[in-house]
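> have a look; sequence and predicted model below, questions after that.
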2 protein chains.
Amino acid sequence: MPLLNEHYRKLPGQYLFPEIERRVNERLAADADLAPRLIRAGIGDVTEPLPPACVQALHDAAEEMARRESFRGYGPSSGHLFVREAIVAGEYAGLGIEASELFLSDGSKGDAGHALEVFAAGNRVGIADPVYPVYVDTNVLAGRTGGLASNGLFDGLAPLAATESNGFVPDLPSQPLDLVYLCFPNNPTGAMIDRAGLERWVRWALDHDAVILYDGAYADYVSDPDLPRTIYEIPDARRCAMEFRSLSKSAGFTGLRCGWTVCPRELEGRLPDGTRTAVHPMWSRRWATRSNGVSWPVQRAAAAAYSDSGREQVRSLIDLYRGNARILREGSLAAGLRVWGGVHAPYVWIACPEGLTSWGFFDRLLEEAAVVVTPGCGFGPGGEGYVRISGFNSRENVEAIVERLGELLGTSAATAAERAC
Amino acid sequence: MPLLNEHYRKLPGQYLFPEIERRVNERLAADADLAPRLIRAGIGDVTEPLPPACVQALHDAAEEMARRESFRGYGPSSGHLFVREAIVAGEYAGLGIEASELFLSDGSKGDAGHALEVFAAGNRVGIADPVYPVYVDTNVLAGRTGGLASNGLFDGLAPLAATESNGFVPDLPSQPLDLVYLCFPNNPTGAMIDRAGLERWVRWALDHDAVILYDGAYADYVSDPDLPRTIYEIPDARRCAMEFRSLSKSAGFTGLRCGWTVCPRELEGRLPDGTRTAVHPMWSRRWATRSNGVSWPVQRAAAAAYSDSGREQVRSLIDLYRGNARILREGSLAAGLRVWGGVHAPYVWIACPEGLTSWGFFDRLLEEAAVVVTPGCGFGPGGEGYVRISGFNSRENVEAIVERLGELLGTSAATAAERAC
């Protein structure tokens, strides 16, 4: 009888979003007036339509598929060249990244897990706490950890504390590590690393022969040209970093599904005999063996996001969501809350008032303000005592949230919203 | 420094299709008259446009994505319910399969590899020889095998010989196995298992507590209602089989990317302590952790393939390709070749004449008939001495292939083509 992957048993049941839904439904049942007032600012899903350039590309691709002469079957497993070239031109101009170093995928969630396939068990892995939970979960399922300890962390993973004292940018590790996950702009804290900080991380990785798995899914929210939009803006990062990127939060592809990894040719790991060897041929083989590439209409839409009109439309989307985040940030500050993020990120990270836990503040916001947020404890034990509010919403909803925060906490947040606009 | 997955080194370089291309290009350079005559019948990619119902669904989905009210973001990781329900109604009516047991994916190539994630190392795995190479390759990359032996097989995998003497349907194994891959209708041989044969396999699996990974990517080519289109037509297969299915070769989704797995709730494996436990919750967790689901327009197109008009259009596509395969089969027989498949499958499997190797016959067909086929040795050592010809082509090309086979081998194949129509 086949032996099953026992590591699945280490992962607790999916808790966060089902528990959010349970509490929301309980309140809806108890309070008939809640439904029309309820504003969901929890899950990080975009709300606005696709850029018209991408919609047009979807239509064009549908027509191509309708005619024998332009029909597209199997494509390259790492994506059509014209798409990868469009992304290189749009995202990596002047940074020495080539199209052959880009691998198109159906999004960063998948890529974060796939990346582990080319690395062996036994590596020392560092993961920020709090952070997007998929890095931890995929390590657990791949058998790269021990069990869940009473402190909420998995044995065998090195937590990199992201706290108020370091501005939610983890300090360089004091212990030796082989693989480190970094995510900037950060989900959930909205923190952004500055150039000097990222240079220190790259220098540390080079000095310690470590590889950084850099999740830049929110890169387009970086508005200050002095801040690094990609890790490859840092000299020599090609030798120590793989980057995950996504169109989900820029061009609104959460339902369309397209992202990519960058695996530079200089990136190396070691074999059991100690030989240094390049990761790129393995990553390439991974895609050839495991995938038939991204859907043709999606690839056409991805390329369209980098056309002149597409870029302008994507910019408008990001301006809207970033504007929302700024309003949430300013409004929360005006309501007397302690707040991070919301500048180079769509997320605002809020310390719970009066010693409330994440779920305690969640309940209060749900019951008294009819606003659904995400409890910070869902992103790791380091997130306890915080909640995340998402800027992925309509402007109207965002302004209502700020007004209700002000009412709830007894300050006038509405003026802050005006100021931020 | 991170330790890399050393198992990648066991897999030889990607050889088959690059080598085919190399030989084709060499001939094209040597023979200026070849290019206009060349017919590619090698790679198993569809050639005809998408069914109009699917094209319309792509357009509709594009419009939905263009409006805030109908925009779709993240969906369920295993696919939208209406798509899974349409597939259950179209493929599994009366077989007791529920929508919650279906997991939508971007195709069977991916699924064959993903399946290994829920099974542990150390299982005894049986794989047919010859067969679609992805089963072997994904086991190798997952570290479930030893090295490549001089006989062309990987140590640690049990080859299940598919030969002329068993009609390319492997015999029941004589050794104990935990996981067995079966593929019917078969790629590359075109062989189909009959109901009694599949019943014997299901009985064997139940008796030996084994799990069958059943690849039914070509199920729609089964034209005889007495033959099983899905393994779940066999009583009790719910307790011993996971099934991979695909829209690639039915609705022409090779470029659109959509397939699914069926993981019945009764399917069990064991934990290290010997406890029997269900696979379904693990498979479900796998999708929730690793995927954000299939692209919305693709899901809309998949559901459309099961609408009344979609089903009719898919049927026409399959009739065309199956007709092509029949012409290739009849023409090859008339040319004096020994032939299998081509009845319930889009592929025709041909024994090389005069003791030629797979590559020898490939070369002769390329040089003298300007036809590109797939050498059987690319599907495992058991494929040596055969070539695969694909029915995925225009009728015109298929008729030209048959005519050239007749000319090459000195018989009149053209009459066979007429007969087969």
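Perfect, I can see it now.

> C-alpha only now, for contacts and for neighbours.
Fine.

> going by contacts, tell me the helices and strands next to the host helix or strand of A:G323.
Using DSSP states H and E, A:G323 maps to helix A:308-334. Applying 3 or more CA pairs under 8 Å, 6 or more residues apart in numbering or on different chains; DSSP states H and E, one finds that helix A:308-334 makes contact with helix A:52-65, strand A:339-341, strand A:347-351, helix A:395-409, helix A:414-420.

> how does it look with 10 Å?
Helices and strands touching helix A:308-334, by 3 or more CA pairs under 10 Å, 6 or more residues apart in numbering or on different chains; DSSP states H and E, are helix A:52-65, helix A:296-304, strand A:339-341, strand A:347-351, strand A:386-390, helix A:395-409, helix A:414-420.

> going by neighbour count, which residues of stretch A:114-134 are buried?
A:114-121, A:123-134 (16 or more other CA atoms under 10 Å in any protein chain shown).

> in helices, which of these appear?
Counting by DSSP state H, the buried residues of stretch A:114-134 place A:114, A:134 in helices.

> distance check, the most centrally placed residue in chain A against chain B.
In chain A, the C-alpha nearest the mean C-alpha coordinate belongs to A:A217, at 4.6 Å (CA atoms, centre = their mean). Between A:A217 and chain B the distance is 14 Å, computed by CA to the nearest CA, to the nearest Å.

> for the stretch 151-300 of chain A, which spans come out with low pLDDT?
Within the stretch 151-300 of chain A, the set of residues satisfying pLDDT under 70 is empty.

> surely A:Y306 is in a strand?
No: judged by DSSP: H, G, I helix; E, B strand; the rest coil, A:Y306 forms no part of a strand; its state is coil.

> hang on, the earlier thing: how near is the residue nearest to the centre of chain A to A:T230?
10 Å (CA to CA, to the nearest Å).

> now A:V134
Applying CA to CA, the value for A:V134 to A:T230 is 21 Å.

> overlap in contacts of A:A217 and A:T230?
Common neighbours of A:A217 and A:T230, using CA atoms under 10 Å, 6 or more residues apart in numbering or on different chains, are A:184, A:243-245.

> show me which of the residues you listed is closest to A:L38.
A:L38 lies nearest to A:F184 out of the shared contacts of A:A217 and A:T230, by CA to CA, at 30.4 Å.

> pull the contacting residues for that closest one.
Counting by CA under 10 Å, 6+ apart, A:F184 touches A:169, A:190-194, A:198, A:214-219, A:221-222, A:228-231, A:344-345.

> the residues you listed in strands, which ones?
A:214-215 (DSSP state E).

> emit the PyMOL select command for whichever of the contacts of A:F184 are buried.
Of those, the buried ones can be selected in PyMOL as follows, counting by 16+ other CA under 10 Å:
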select buried, chain A and resi 169+190+191+192+193+198+214+215+216+217+218+219+221+222+228+229+230+231+344+345
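
> hmm, back to that, what is the mean pLDDT for the helix holding A:G323?
Helix A:308-334 shows a mean pLDDT of 97.

> pull out the buried positions in that helix.
Neighbour counts over helix A:308-334 (16+ other CA under 10 Å) mark A:310-311, A:313-315, A:317-334 as buried.

> give me the pLDDT for the closest residue to A:R37 other than its chain neighbours.
Leaving out its chain neighbours, the residue that sits closest to A:R37 by CA to CA, 6 or more residues apart in numbering or on different chains is A:A370, at 6.2 Å. Note for A:A370: predicted pLDDT of 97.

> quickly find the element holding A:N25.
Take DSSP H and E as the rule and A:N25 turns out to sit in helix A:16-30.

> for that helix, output the C-alpha coordinates as PDB.
Only the C-alpha atoms of helix A:16-30 are listed here, as PDB (Å, rounded to 0.1, in the frame of the first residue of the first chain):
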ATOM      1  CA  LEU A  16      -7.400  31.800   8.700                       C
ATOM      2  CA  PHE A  17      -9.800  32.600   5.900                       C
ATOM      3  CA  PRO A  18     -12.400  29.900   6.900                       C
ATOM      4  CA  GLU A  19     -12.300  31.300  10.500                       C
ATOM      5  CA  ILE A  20     -12.800  34.800   9.100                       C
ATOM      6  CA  GLU A  21     -15.800  33.600   7.100                       C
ATOM      7  CA  ARG A  22     -17.200  31.800  10.100                       C
ATOM      8  CA  ARG A  23     -17.000  34.900  12.300                       C
ATOM      9  CA  VAL A  24     -18.500  37.100   9.500                       C
ATOM     10  CA  ASN A  25     -21.400  34.700   8.900                       C
ATOM     11  CA  GLU A  26     -22.000  34.500  12.600                       C
ATOM     12  CA  ARG A  27     -22.300  38.300  12.800                       C
ATOM     13  CA  LEU A  28     -24.400  38.400   9.700                       C
ATOM     14  CA  ALA A  29     -26.800  35.900  11.300                       C
ATOM     15  CA  ALA A  30     -27.000  37.900  14.500                       C
END
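
> and the strands in the stretch 51-200 of chain A?
For the stretch 51-200 of chain A, applying DSSP state E, counting those that start in this stretch gives strands covering A:102-105, A:125-129, A:157-161, A:179-183.

> ok, the first one: who's next to it in the sheet?
If I follow you right, that is strand A:102-105. Partners of strand A:102-105 in the sheet, by DSSP bridges, are strand A:259-262 (antiparallel).

> from the contact counts, what lies against the very next helix or strand once past the partner strand?
From strand A:259-262 onward toward the C-terminus, using DSSP H and E, the following helix or strand is strand A:268-270. Other helices and strands packing on strand A:268-270, by 3+ CA pairs under 10 Å, 6+ apart, are strand A:276-278.

> quick one: list the elements packing against the strand it packs on.
Judged by 3+ CA pairs under 10 Å, 6+ apart, strand A:276-278 is in contact with strand A:268-270.

> hmm, who's touching the strand it packs on?
Here strand A:268-270 has contacts from A:118-120, A:178, A:209-211, A:238-241, A:275-280, B:1-6, using CA under 10 Å, 6+ apart.
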